[in-house]
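*Asks:* Got a sequence here, can you model it:
(2 chains)
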Amino acid sequence: MLRVDITKQLGEFKLSAAFASEGRVTGLFGASGSGKTSLINMIAGLLRPDRGSIVIDGDTLEDTADGIHVPTWRRRIGYVFQDARLFPHLNVAQNLDYGRRMNGLAADPAQHKRIIDLLDIGGLLDRRPGKLSGGERQRVALGRALLAKPRLLLLDEPLGALDEGRKLEILPYLVRLRDEAGVPMVYVSHDAAELRQLATQIVMLRDGQVTAFGGVKVLTSGA
Amino acid sequence: MFEISPTEWTAILLSLRVAVIATLVATPFGIALAWALARHEFWGKSVLDAAVHLPLVLPPVVTGYLLLLTFGKKGLVGGFLADYLGIVFAFRWTGAALACGIMSFPLLVRPIRLSIEAIDRRLEQAAETLGAAPWRVFFTVTLPLALPGVLAGMVLGFAKAIGEFGATITFVSNIPGETQTISSAIYSLIQTPDGDSAAMRLVIISIVIAMAALIASEWFARRATQRLHGN
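*Replies:* Next up, the predicted model:
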């Protein structure tokens, strides 16, 4: 359960969003500039709202009224960026292991193997990020976020930087993650078709306001 | 012609010791300062930035004299260190290392600062979302990515330290075996009637050390670029 109720002034732009989502995949839908990325940056703790609160499963991460701001590194929220952001000085195996090390988690070979198999990245482990294709990089970024055992996974247009062919390559992995990884996700996209395949609930954003909320059918009812 | 005398050896080894110690001690301070200048806005930043570069533009004799006033036996800091901690800089090789460290500091800081500025801060954000507290982000992402710049800065600082003359001779004089580095040995030799060939040997050694440092620095800079592109 994710409950968000925030406002934030960003220059001329005002973001004001409130929703509560129970779905496995909450799709955050809107055109570019509608405030999607700012919104999930606030969920991740990378951006602080001017006012409001963010609560996950009864755990308050942000509450301006009570002065609560849990820093990003203590939130246990995974984040897959549009541009993978793999660490260039580490190979794939070290990138994958980073979150476990930073959170001081015990090694979990079973989960490690499951995620590597799920994403089909077993053959890439010795490589440096510079030697990966865009699609491979994004799969490794997904694995890296999941292996930190987050309680929520944020995905910011993870297919946005990929061409059509690569998108079709990654989509099935995302569907498998939704069905098998057991981590709730917030999936940001401006592509309705993508969200129809993945999301279980939709939050529609326009000009910093939530304009619709509900099942995937809100995508068709004319936005 | 190329037989190095014991006095020359003493000067060479002393220069190396002074430059190595100066560089190793200055590096942590250089990294901290480069990071502060690259990543933070604070009151007095431009003054601090100028102060770091001051040894580069001040006449070395001025820096040496200021060191003498501050760290000499009767100096404010020097007196305290000598009385309470037993650390003496004046007319000792440690003073030469201090002078060299300060004179080479701007050259040490600059490449480190540039390499920290070149790091994509979004990688540091990614590290935070993976559970790394800010100090761990620094040690696991920022510093490793800046490492080639740190090494380049150390090489340049070392090269500058080994060639330092003006501030060193002003601060700690020119005592063979204690404060006579390659530079001050050359200075003494060219003032003695038969010193020419000995001076020339030390000149050649200086050139070799400086060239090696510049080539090494270039090599580290290339590595830095490769590293940031993930190859």
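
*Asks:* Most proximal residue of chain A with respect to chain B?
*Replies:* A:Gly130 (2.9 Å; C-beta to the nearest C-beta). The way it works is simple: take the backbone N, C-alpha and C, and place the C-beta from them, glycine included.

*Asks:* I'd say that residue and A:Phe87 touch.
*Replies:* No. Using C-beta atoms under 8 Å, A:Gly130 makes no contact with A:Phe87, being 11.1 Å away.

*Asks:* Looking at the two, which one has more neighbours?
*Replies:* A:Phe87 (22 against 14; other C-beta atoms under 10 Å in any protein chain shown).

*Asks:* Am I right that B:Thr179 is in a helix?
*Replies:* No. Under DSSP: H, G, I helix; E, B strand; the rest coil, B:Thr179 sits outside any helix and is assigned coil.

*Asks:* shaky segments in chain A?
*Replies:* For chain A, the stretches flagged by pLDDT under 70 are A:221-223.

*Asks:* Would you mind listing what in it touches chain B?
*Replies:* Residues of chain A lying close to chain B by C-beta under 8 Å from any C-beta of the partner chain are A:44-46, A:71-79, A:81, A:83, A:85-89, A:98-99, A:102-103, A:128-131, A:144-145, A:148.

*Asks:* Could you identify the buried members of these?
*Replies:* Buried subset of the residues of chain A next to chain B (neighbour count, 16 or more other C-beta atoms under 10 Å in any protein chain shown): A:44-46, A:72-73, A:75-79, A:81, A:83, A:85-89, A:98-99, A:102-103, A:128-129, A:144-145, A:148.

*Asks:* Take those and keep only those in strands.
*Replies:* The strands, defined by DSSP state E, take in A:Ile77, A:Gly78, A:Tyr79 from these.

*Asks:* Tell me the bridge partners for the last one.
*Replies:* Which is A:Tyr79. For A:Tyr79, the beta-bridge partners are A:Leu154 (DSSP bridges).

*Asks:* Quick one: residues contacting residue 178.
*Replies:* Because you didn't say which chain, this covers chain A. Residues in contact with A:Arg178 (C-beta atoms under 8 Å, 6 or more residues apart in numbering or on different chains) are A:Arg24, A:Val25, A:Met185, A:Leu198.

*Asks:* Hmm, no, I was thinking of chain B.
*Replies:* The contact partners of B:Glu178, taken as C-beta under 8 Å, 6+ apart, are B:Leu14, B:Phe91, B:Arg92, B:Trp93, B:Val172.

*Asks:* rerun at 7 Å
*Replies:* With contact taken as C-beta atoms under 7 Å, 6 or more residues apart in numbering or on different chains, B:Glu178 is in contact with B:Arg92, B:Trp93.

*Asks:* Enumerate every residue touching A:Ala141.
*Replies:* A:Ala141 makes contact with A:Val80, A:Ala84, A:Arg85, A:Leu86 under the criterion C-beta under 7 Å, 6+ apart.

*Asks:* Just the element for it, please.
*Replies:* Per DSSP states H and E, A:Ala141 falls inside helix A:134-147.

*Asks:* just how off-centre is that helix within its chain?
*Replies:* The gap between where helix A:134-147 is centred and where its chain is centred comes out at 12 Å by C-alpha atoms, centre = their mean, to the nearest Å.

*Asks:* In helices, which of the contacts of A:Arg178 fall?
*Replies:* Mapping the contacts of A:Arg178 onto helices (DSSP state H) picks out A:Leu198.

*Asks:* Which strands or helices does the host helix or strand of A:Leu15 pack on?
*Replies:* If you go by DSSP H and E, A:Leu15 is part of strand A:13-21. Under the contact definition 3 or more C-beta pairs under 7 Å, 6 or more residues apart in numbering or on different chains; DSSP states H and E, strand A:13-21 sits against strand A:2-10, helix A:36-44, strand A:201-206, strand A:209-214.

*Asks:* how big is the angle separating it from strand A:201-206?
*Replies:* Relative orientation of strand A:13-21 versus strand A:201-206 (axes from the mean of the first three to the mean of the last three C-alpha atoms, to 10 degrees): 170 degrees.

*Asks:* For strand A:13-21, give me every contacting residue.
*Replies:* So strand A:13-21 is in contact with A:1-8, A:35, A:38-39, A:201, A:203, A:205, A:208-210, A:213, going by C-beta under 7 Å, 6+ apart.

*Asks:* One more: stretch B:37-53?
*Replies:* Stretch B:37-53 is contacted by residues B:Leu33, B:Phe105, B:Pro106, B:Val109, B:Arg113, B:Ile116, B:Glu117 when judged by C-beta under 7 Å, 6+ apart.

*Asks:* which residue sits closest to B:Ile31 in space, ignoring its chain neighbours?
*Replies:* B:Ile112 (5.8 Å; C-beta to C-beta, 6 or more residues apart in numbering or on different chains).

*Asks:* burial measure for the one you found, as a count.
*Replies:* 29.

*Asks:* same for the helix or strand hosting it, what does it pack against?
*Replies:* B:Ile112 belongs to helix B:93-117 when assigned by DSSP H and E. If you count contacts as 3+ C-beta pairs under 7 Å, 6+ apart, helix B:93-117 packs onto helix B:6-39, helix B:45-57, helix B:60-71, helix B:143-163, helix B:166-172.

*Asks:* ok so, going back, CA-only coordinates of the helix holding A:Ala141 in CSV, if you can.
*Replies:* What follows is helix A:134-147, C-alpha atoms only, in CSV (Å, rounded to 0.1, in the frame of the first residue of the first chain):
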residue,chain,number,x,y,z
GLY,A,134,21.2,-0.8,-24.1
GLY,A,135,18.8,-3.6,-23.4
GLU,A,136,21.4,-5.6,-21.5
ARG,A,137,22.2,-2.6,-19.4
GLN,A,138,18.6,-2.1,-18.5
ARG,A,139,18.2,-5.8,-17.5
VAL,A,140,21.3,-5.5,-15.3
ALA,A,141,19.8,-2.3,-13.7
LEU,A,142,16.6,-4.2,-12.9
GLY,A,143,18.6,-7.0,-11.4
ARG,A,144,20.7,-4.6,-9.4
ALA,A,145,17.7,-2.9,-7.9
LEU,A,146,15.9,-6.1,-7.1
LEU,A,147,18.9,-7.7,-5.4
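
*Asks:* pLDDT below threshold where in chain B?
*Replies:* Scanning chain B for pLDDT under 70 picks out the ranges B:1, B:227-231.

*Asks:* Over to the closest residue to B:Gly79 other than its chain neighbours. Which of the three states is it?
*Replies:* Spatially, and ignoring its direct neighbours in sequence, B:Gly79 is nearest to B:Lys73 (6.5 Å; C-beta to C-beta, 6+ apart). What three-state DSSP gives for B:Lys73 is coil.
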